[in-house]
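**Student:** build me a model from this:
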Amino acid sequence: MDSYLIQVNGHSNRAPVLDIHLSTNGNSLSLGKVKGRKPRWAVRASEMSKKTFNPVRAIVDGMKVEPNPKKAMISLSLGDPTVFGNLPTNDEVTQAVKKVLDSGRYNGYAPSVGYQSCREAVAAYYNCPEAPLEAQDVILTSGCSQAIELALAVLANPGQNILVPRPGFSLYKTLALSMGIEVKLYNLLPEKSWEIDLKHLESLVDEKTACLIVNNPSNPCGSVFSKSHLQKILAVASRQCVPILADEIYGDMVFADCKYEPIATLSTNVPILSCGGLAKRWLVPGWRMGWILIHDRRDIFGNEIRDGLLRLSQRILGPCTIVQGALEHILHRTPPEFYHNTLSILKSNADLCYAALSAIPGLQPVRPAGAMYLMSVQMMSKNC
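**Tutor:** Numbering: from 1, shown residues only. Sure, this is the predicted structure:
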């Protein structure tokens, strides 16, 4: 039976408040007086807010450091390609947004999962014979971070656990712990260019494991998994019947000597929620446009996961409508030279950082193969 409170106008100075109880079938109605509230304030922060902690944001947002005027500052904070102004987005991208803004056609609310035409554009962009996609397989989100949040929320319940890479993106743990989800960290191997320690990974799986997070290309390692390694990861997921949440926001941002393989193109039976967006490849992280791609060749997710994502997306109203209006143009008309130039700059920066860190005693950098990061290992002295 549902209960609703209404205030009824009366002749006294204070209008009475009534508690109305409605039966689920709507056939009965009863009125009763509401019990009085406690005569004191008792406002407390929620348990979810207490469990939420993002270490990267906590450091960066609260940083108050006076730079040394005698030394040039090197920013090691966030994966934001816009900070120094040397990685602007393409003119086609900005002109597309300006045109949509001037049209005045995208100032209202959009469907919570995104405009149908935009979902079709994303599906067409990523569709391939190995991993076919249709508009119904796409959920648009407010950046890749919200895509990850929705994917976690639909796959895991409080008390369950998820498998997260170490080293890895801190947001996974931040989101999971705030939802009451346990985080189990599986190791990445620096001596193997940060491949997953597959034995360690599989040893962590139990009856409460809800999903495996695979981040490729990697933040913060800059690694790119080979096709054979991805197939081994899929074999573990298949044996253990664990779905994969694939964080592929850096997809296709790999250097010339590597090839990026979307993990869904290699899977025939493991269900995968792939999260991506415009932020990194198109160099517009502030535009907050992301998506979830639902890959489910065996219909293991069924309607339940799809319906769950729809309901979760309805908690707030999706990404910016202006960017949605420009999305098809951005995806399909950005010139290839733009991506090539971006990767050339990233590769040059990575080479410089690798050389600089290699000269520091006690550090052993691992040469990155893509994304925007380089990870070093601190070597212990034999005398310690």
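**Student:** pull out the buried residues from stretch 181-188.
**Tutor:** 181, 183-184, 186-188 (16 or more other CB atoms under 10 Å). C-betas here are computed from N, CA, C, even on glycine.
**Student:** wait, stretch 221-238
**Tutor:** Buried positions in stretch 221-238, judged by neighbour count with 16+ other CB under 10 Å: 221-226, 229-230, 232-234, 236-237.
**Student:** looking at these, which is nearest residue 350?
**Tutor:** Checking the buried residues of stretch 221-238 against residue 350 by CB to CB gives residue 222 as the nearest, at 7.0 Å.
**Student:** returning to that earlier point: residue 316: which of the buried residues of stretch 181-188 is nearest?
**Tutor:** Checking the buried residues of stretch 181-188 against residue 316 by CB to CB gives residue 181 as the nearest, at 20.3 Å.
**Student:** contacting residues for the closest one?
**Tutor:** Contacts for residue 181 were tallied using CB atoms under 8 Å, 6 or more residues apart in numbering; they are 152, 156-162, 210.
**Student:** report the buried members of these.
**Tutor:** Those of those that meet the buried threshold are 152, 156, 160-162, 210, by 16+ other CB under 10 Å.
**Student:** what pLDDT does the residue nearest to residue 181 when sequence neighbours are not counted get?
**Tutor:** Nearest residue to residue 181 in three dimensions, chain neighbours excluded: residue 156, at 4.8 Å (CB to CB, 6 or more residues apart in numbering). Residue 156 carries a pLDDT value of 97.
**Student:** tell me the phi and psi of residue 156?
**Tutor:** With angles defined as degrees, to the nearest 10, residue 156 sits at phi -130, psi 140.
**Student:** that one: what's it in contact with?
**Tutor:** Under the criterion of CB under 8 Å, 6+ apart, the contact partners of residue 156 comprise 162, 176, 179, 181, 210-211.
**Student:** let me have those residues in JSON lines, extended by secondary structure.
**Tutor:** Formatted as JSON lines, the entries for those read as follows, by DSSP: H, G, I helix; E, B strand; the rest coil:
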{"residue": "162", "secondary structure": "strand"}
{"residue": "176", "secondary structure": "helix"}
{"residue": "179", "secondary structure": "coil"}
{"residue": "181", "secondary structure": "coil"}
{"residue": "210", "secondary structure": "strand"}
{"residue": "211", "secondary structure": "strand"}
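**Student:** same list (those) but as JSON lines, adding pLDDT and distance to residue 51.
**Tutor:** JSON lines is the format used below for the contacts of residue 156 (pLDDT from 0 to 100; distance: CB to CB, whole Å):
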{"residue": "162", "pLDDT": "98", "distance to residue 51": "15"}
{"residue": "176", "pLDDT": "97", "distance to residue 51": "9"}
{"residue": "179", "pLDDT": "95", "distance to residue 51": "8"}
{"residue": "181", "pLDDT": "97", "distance to residue 51": "10"}
{"residue": "210", "pLDDT": "97", "distance to residue 51": "17"}
{"residue": "211", "pLDDT": "98", "distance to residue 51": "19"}
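**Student:** could you pull out the strands for this structure?
**Tutor:** In the chain, strands defined by DSSP state E lie at 2-7, 17-22, 29-33, 138-141, 161-166, 182-189, 195-196, 209-215, 244-247, 272-277, 290-295, 363-366, 375-378, listed in chain order.
**Student:** can I get the ones you listed in TSV with distance to residue 109?
**Tutor:** Listed next are these as TSV, based on distance: least, CB to CB, whole Å:
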stretch	distance to residue 109
strand 2-7	26
strand 17-22	29
strand 29-33	34
strand 138-141	13
strand 161-166	32
strand 182-189	35
strand 195-196	41
strand 209-215	31
strand 244-247	28
strand 272-277	21
strand 290-295	18
strand 363-366	46
strand 375-378	42
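**Student:** kindly check the end-to-end length of stretch 215-222 for me.
**Tutor:** Chord length of stretch 215-222, first to last residue, is 10 Å (CA to CA, to the nearest Å).
**Student:** picking that back up, quick check: the farthest pair among the contacts of residue 181?
**Tutor:** Farthest apart among the contacts of residue 181 by CB to CB are 152 and 159. That separation is 13.9 Å.
**Student:** and which of the buried residues of stretch 221-238 is nearest residue 280?
**Tutor:** Closest approach to residue 280 among the buried residues of stretch 221-238 (CB to CB): residue 222, at 12.5 Å.
**Student:** contact partners for that closest one?
**Tutor:** 194, 350, 366, 368-375.
**Student:** that one and residue 166, how far apart?
**Tutor:** Relative to residue 166, residue 222 is positioned 15 Å away (CB to CB, to the nearest Å).
**Student:** could you do residue 152 as well?
**Tutor:** For residue 152, the distance to residue 166 (CB to CB) stands at 17 Å.
**Student:** same deal with residue 297?
**Tutor:** Taken as CB to CB, the spacing of residue 297 relative to residue 166 amounts to 30 Å.
**Student:** what does residue 211 give?
**Tutor:** Distance, residue 211 to residue 166, using CB to CB: 16 Å.
**Student:** neighbour count: these two, which is higher?
**Tutor:** Neighbours were counted for residue 211 and for residue 166 using other CB atoms under 10 Å; residue 211 has more, 24 against 13.
**Student:** and the closest residue to that one other than its chain neighbours, how far from residue 294?
**Tutor:** Beyond its immediate neighbours in the sequence, the residue positioned closest to residue 211 (CB to CB, 6+ apart) is residue 155, lying 4.5 Å away. When distance is defined by CB to CB, residue 155 is 12 Å away from residue 294.
**Student:** okay, and the common contacts of those two?
**Tutor:** Common contact partners of residue 155 and residue 294 (CB under 8 Å, 6+ apart): 273, 305.
**Student:** list the contacts for the residue nearest to residue 211?
**Tutor:** Taking CB under 8 Å, 6+ apart as the contact definition, residue 155 lies against 162, 210-211, 243, 245, 273, 305.
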